[in-house]
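In: I'd like to go over a predicted model; first the sequence, then the structure.
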Amino acid sequence: MTADASTSSPSVPATPIVQQGSFLTLHYRLAGPAGDVINTFNDKPATLSVGAGELSPALEQRLIGLPEGARATFELAAGEAFGERNPDMLQWVAKKLLNDLGDPHEEYTLGDVVQFPTPDGTGQYAGVVMQVRDDGAVCFDFNHPLAGVSVTFEVRIIGVL
């Protein structure tokens with residue numbers, strides 16, 4: 001028996017669904033009580049691999065099961081997205097070390113975000129200036145800016161591979 005082209009329907013490919021290991025192109029926004037921390041909606045989209053640690057596990061979990069083209073907003077409870085604030089992440093850094101790592105004439109002020117090299121030199125992490133002493137030592141907060149607060153995670157999935 002042969003199929004009649006006039007009566008058979010063309011096969012429609014299934015819409016890709018986000019799963020562990022998926023490579024995504026997406027727009028996303030992360031906001032806390034003080035407003036947006038990251039927002040790619042007005043810029044070029046982000047790309048990431050689910051499960052590679054580019055987003056926190058709680059955020060990645062919200063992406064699993066979303067179809068390509070989906071737009072969703074999730075509200076995460078305080079501490080769920082980036083953990084609780086850790087007082088041990090407040091660290092004093094001596095002026096000498098700051099001079100060794102950067103510009104010795106740099107003036108640090110409350111709220112400045114300063115990039116530090118990772119110990120292996122392959123990456124960076126940020127600290128926020130919390131206090132500056134008269135001797136030039138600076139207290140940095142190395143907690144994630146959204147640690148310990150409720151987070152809004154808005155996403156639009158553009159592509160799933």
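Out: Now that the structure is in, tell me what you want to look at.
In: What count of nearby residues applies to residue 92?
Out: Residue 92 has 12 neighbouring residues, counting by other Cβ atoms under 10 Å. No exception for glycine: its C-beta is placed from N, CA and C like everyone else's.
In: Ignore what I typed, I meant residue 82.
Out: 22.
In: can you confirm it is in a helix?
Out: No. Under DSSP: H, G, I helix; E, B strand; the rest coil, residue 82 sits outside any helix and is assigned coil.
In: Can you read off the pLDDT for it?
Out: pLDDT recorded at residue 82 is 96.
In: close enough to count as contact, it and residue 151?
Out: Yes. Counting by Cβ atoms under 8 Å, residue 151 is a contact partner of residue 82 at 7.2 Å.
In: From what I see, residue 159 and residue 67 are in contact.
Out: No. Checked against Cβ under 8 Å, the pair residue 159 and residue 67 is beyond contact range at 11.3 Å.
In: would you list every one of the helices in this protein?
Out: With DSSP state H, the ranges of helices along the chain come out as 57-63, 95-101.
In: Those helices: which one's closest to residue 145?
Out: For those, proximity to residue 145 was assessed by Cβ to Cβ; helix 57-63 is nearest, at 14.4 Å.
In: Show the average pLDDT along that closest one.
Out: Per-residue scores along helix 57-63 average to 97.
In: All set, thanks.
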